[in-house]
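S.K.: Fold the following and give me the result.
(2 chains, ligands or ions: 1)
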Amino acid sequence: MNVTRAFTGRPRVDHAQLPPGQYDAGDDWPVLSAEVTPDLAPADWTFRIDGLVAEPRTWNWEQAHALPASAYEGDIHCVTSWSKFGVRFGGVRLDAFLDAVRPDASATHVVAYSHTGYTTNLPLADITGGRAWIVWEYEGKPLPAEHGGPARLIVPHLYFWKSAKWIAGLRLLDHDEPGFWEQNGYHARGNPWEEQRYSGD
Amino acid sequence: MTDTFVPPTRFAVPGRIAVSNRAAATWQTATLTEIRRETPGAVTFRFAVPEWSGHLPGQHLMLRLTAEDGYVAQRHYSLASPPDDTAHIELTLDHVEGGEVSGWFHTVARPGDSVEVRGPLSGFFAWPGDRPALLVGAGSGVVPLMSMLRHHRARALDVPLRLLVSARGPEELIYAREYGAETTPVFTRTAPEGMAVGRLAAAHLAPLLAERPPGGWEAYVCGSNGFAEHASRLLVEAGQPVDRIRIERFG
Ligand SMILES: Cc1cc2nc3c(=O)[nH]c(=O)nc-3n(C[C@H](O)[C@H](O)[C@H](O)COP(=O)(O)OP(=O)(O)OC[C@H]3O[C@@H](n4cnc5c(N)ncnc54)[C@H](O)[C@@H]3O)c2cc1C
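M.R.: Below is the predicted model of the structure:
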C-alpha cells in the first residue's frame, strides 16, 4: 500500500454496496459521453435486433412501449469512479425483445450500437435473465437527452459505458467484438466488483 | 431487407491511436517536483514519473490517493504537458470546493510527496498533430488542449491549430501568458478594456470555421458538461460535421 502523506479522505461510512475504487456521487449524475448529444425525438427512435437470430426485428416507440413494463431500481457505477445509489429507471426488460427474435444457439456475444454510431460489446449472458433493460424513464420522468433519452440500454451490474445511450440496436454474434471504448483501451467486460476498468485489469 | 443496420448519424469515430494496455493497467509512483500557481483557483503540479511510457496530447490518466486505513480516492486528470517532456508529466487542477482529491492537492501537497497514476488512457480525444485542430475549451477544460498547443509549438508543426478558450475573467484564464495569435479568449463576466463580455457564441466560431483548412477541422471540445453541450451545439449549427467533433466532459 502506497499511503499518501496527510490524506485522510472525506468522512465516510463503510458502504457494502460501493465497489472498490468508487465513491458515492450522491445526488450528482455526471454526464460522460464523447459525442454530440443527438436531437432524437421518440417518434424517430427505433430499436432493432439482428445478427444470429431466427427473426430480425425493428420496434418503434409505440411497439416497444406495448411490451410488458419493467423497472430497475438499484445502483449504477461509472468507470470514472462515481457510483449512484437507488436510482429508478422505467422501461422494458431486454428479454422481452430477445424472446421475439429467437436467438440462435450459436450466439455468445452482442454489439450494442446507438443512434450516434457508438458501440459497446457484451456477453449475451450479461444481458439476459433479467439483467438488462431498455429504459425511457428516470425517476418517473422521461429520460433526459444528455443521459441517453429518449431510450438507452442499462446493464447495471457492469460499468456504465456498457449501458449504451440513444440505443438503436443489438447485433448477436458468435464471437466477441470490441466496441468504441473497448477499442480505446477499456476492458472487454467491465465488472465493477473486479475493477475491470482498462484492458489488462 | 438486409440484416445490418446503418446508424443515421455516423459518430463511429475511430480512436486516434492505439492505447498501450500494459501502461494503462499499471499503477506507477509519481513524485511531485514542482507546484506552479496559474490562477487563484488553478494550480499546475509537475511530477517525475521515471517509467512514463509517453502520451499524446489530449490523453488523460487516473490518479489515486491512499489513506492510512487503505481507503483510496481516484479521479481522472488530463495531461497538460506535451509528450516530449521526458519522464515528467504535468497536471493542472481546479480547486473544487469541498473536493476530496483537488482539496488535498491545493491545501496539503508539497514537492517530494508521491501519489499513484496509471495511464495514459483513451485514444479518442488524442491529437497526434496530424489534422487541422480547432480547440474549444472552458475553465480547466483547456488543460488537454494546452498539451496540444504546446506539442504544436515544440514540434513547430505546420498543420493549422486554433484555440478558443472561455474563462470568467482575465485573472481566471489558465496559461494566460502562453497564448499567441492562435488563441481567442472569451470572457464571460469581466474583460479587459475594450473587450466584449459574454458567453461563447456563433460569432466567435464563424471566422475560424470560415478558414476551411485542407481536410477540414477536427474539433476538440473540453469542459464542464454544460459548456460541452453549448459549444458542440454551436459547432454543429455552424456546419461542423458531428463525426469531426470530439468531446471530453469533466463530469
Ligand atoms: C477525463 C477527465 C479529465 C479530467 N481532467 C481534469 C483536469 O485536467 N483538471 C481538473 O481540475 N479536473 C479534471 N477532471 C475532473 C476531476 O476528475 C475531478 O472530478 C475533480 O478534480 C473533482 O474531484 P475532487 O475529488 O476534488 O472532488 P469530489 O470530492 O469528487 O467532489 C466534487 C463535488 O462534489 C461535492 N461532494 C461530493 N461528495 C461529497 C460529500 N460526501 N460531501 C460533501 N460534498 C461532496 C464536493 O463538494 C464537490 O463540489 C477530469 C475529469 C475527467 C472525467
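S.K.: Compute the distance between the residue in chain B that the ligand sits nearest to and B:Val142, please.
M.R.: Across chain B, the shortest distance to the ligand (C-beta to the nearest ligand atom) belongs to B:Gly99, at 2.3 Å. C-beta here means a position set from N, CA and C on the backbone, and glycine is covered the same way. Going from B:Gly99 to B:Val142 by C-beta to C-beta, to the nearest Å gives 19 Å.
S.K.: Same check on A:Gly200?
M.R.: A:Gly200 is 30 Å from B:Val142, by C-beta to C-beta.
S.K.: for B:Ala87, same thing?
M.R.: The value you get for B:Ala87 to B:Val142, if C-beta to C-beta is used, is 24 Å.
S.K.: now swap in B:Glu34 and tell me
M.R.: 20 Å.
S.K.: do the same with B:Leu91
M.R.: For B:Leu91, the distance to B:Val142 - C-beta to C-beta - is 13 Å.
S.K.: Quick check on these two: which one has the bigger neighbour count.
M.R.: B:Val142 (31 against 23; other C-beta atoms under 10 Å in any protein chain shown).
S.K.: how many other residues sit next to the residue of chain B closest to the ligand?
M.R.: Neighbours around B:Gly99, by other C-beta under 10 Å: 16.
S.K.: pLDDT score assigned to it?
M.R.: Here the pLDDT value assigned to B:Gly99 is 94.
S.K.: what's the answer for B:Ser147, then?
M.R.: The model reports B:Ser147 with a pLDDT of 98.
S.K.: Report the buried residues of the helix or strand hosting it.
M.R.: Element membership for B:Ser147, per DSSP states H and E: helix B:143-154. Going by neighbour count (16 or more other C-beta atoms under 10 Å in any protein chain shown), the buried part of helix B:143-154 is B:Val143, B:Pro144, B:Leu145, B:Met146, B:Ser147, B:Met148, B:Leu149, B:Arg150, B:His151, B:His152.
S.K.: quick one: low-confidence parts of chain B?
M.R.: Per-residue confidence for chain B (pLDDT under 70) gives these ranges: B:1-21.
S.K.: could you pull out the strands for it?
M.R.: B:28-37, B:42-48, B:60-66, B:72-78, B:88-94, B:114-121, B:133-138, B:161-167, B:183-187, B:218-223, B:245-249 (DSSP state E).
S.K.: for chain A, longest strand please?
M.R.: Ranking each strand of chain A by length (DSSP E) puts strand A:82-93 first.
S.K.: What are the contacting residues of it?
M.R.: A:17-19, A:22-25, A:28-30, A:64-65, A:67-77, A:130, A:132-140, A:143, A:151, A:154, A:192, B:251 (C-beta atoms under 8 Å, 6 or more residues apart in numbering or on different chains).
S.K.: Buried ones among those?
M.R.: Buried subset of the contacts of strand A:82-93 (neighbour count, 16+ other C-beta under 10 Å): A:18-19, A:22-25, A:29-30, A:64, A:67, A:70, A:72, A:75-77, A:132-138, A:143, A:151, A:154, A:192, B:251.
S.K.: Now, those residues that are in strands?
M.R.: A:23-24, A:70, A:72, A:75-77, A:133-138, A:154.
S.K.: Now render those residues as CSV, adding distance to chain B and pLDDT.
M.R.: Formatted as CSV, these follow (distance: C-beta to the nearest C-beta, whole Å; pLDDT from 0 to 100):
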residue, distance to chain B, pLDDT
A:Tyr23, 7, 91
A:Asp24, 11, 91
A:Ser70, 24, 98
A:Tyr72, 23, 98
A:Asp75, 18, 97
A:Ile76, 14, 98
A:His77, 13, 97
A:Trp133, 20, 98
A:Ile134, 15, 98
A:Val135, 20, 98
A:Trp136, 19, 98
A:Glu137, 21, 98
A:Tyr138, 16, 98
A:Ile154, 19, 98
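S.K.: Save these as CSV, and put in distance to the ligand too.
M.R.: Formatted as CSV, those follow (distance: C-beta to the nearest ligand atom, whole Å):
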residue, distance to the ligand
A:Tyr23, 7
A:Asp24, 7
A:Ser70, 31
A:Tyr72, 24
A:Asp75, 16
A:Ile76, 16
A:His77, 14
A:Trp133, 25
A:Ile134, 26
A:Val135, 24
A:Trp136, 26
A:Glu137, 26
A:Tyr138, 20
A:Ile154, 20
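S.K.: Quick check: A:His77 vs A:Ala164, distance?
M.R.: With C-beta to C-beta as the criterion, A:His77 and A:Ala164 are 16 Å apart.
S.K.: now swap in A:Ala125 and tell me
M.R.: According to C-beta to C-beta, A:Ala125 stands 18 Å off from A:Ala164.
S.K.: Also A:Glu73?
M.R.: A:Glu73 sits 20 Å away from A:Ala164, going by C-beta to C-beta.
S.K.: How about B:Thr190?
M.R.: B:Thr190 is 42 Å from A:Ala164, by C-beta to C-beta.
S.K.: between these two, who's got more neighbours?
M.R.: Neighbour count, other C-beta under 10 Å: between B:Thr190 and A:Ala164, A:Ala164 has more, with 27 against 13.
S.K.: That one: what secondary structure?
M.R.: Per DSSP: H, G, I helix; E, B strand; the rest coil, the local secondary structure of A:Ala164 is coil.
S.K.: right, and it touches A:His115 too?
M.R.: No. Checked against C-beta atoms under 8 Å, the pair A:Ala164 and A:His115 is beyond contact range at 9.7 Å.
S.K.: could you give the mean pLDDT of the following helix or strand past the longest strand of chain A?
M.R.: Where DSSP H and E defines the elements, the next helix or strand beyond strand A:82-93 is helix A:94-101. Helix A:94-101 carries an average pLDDT of 98.
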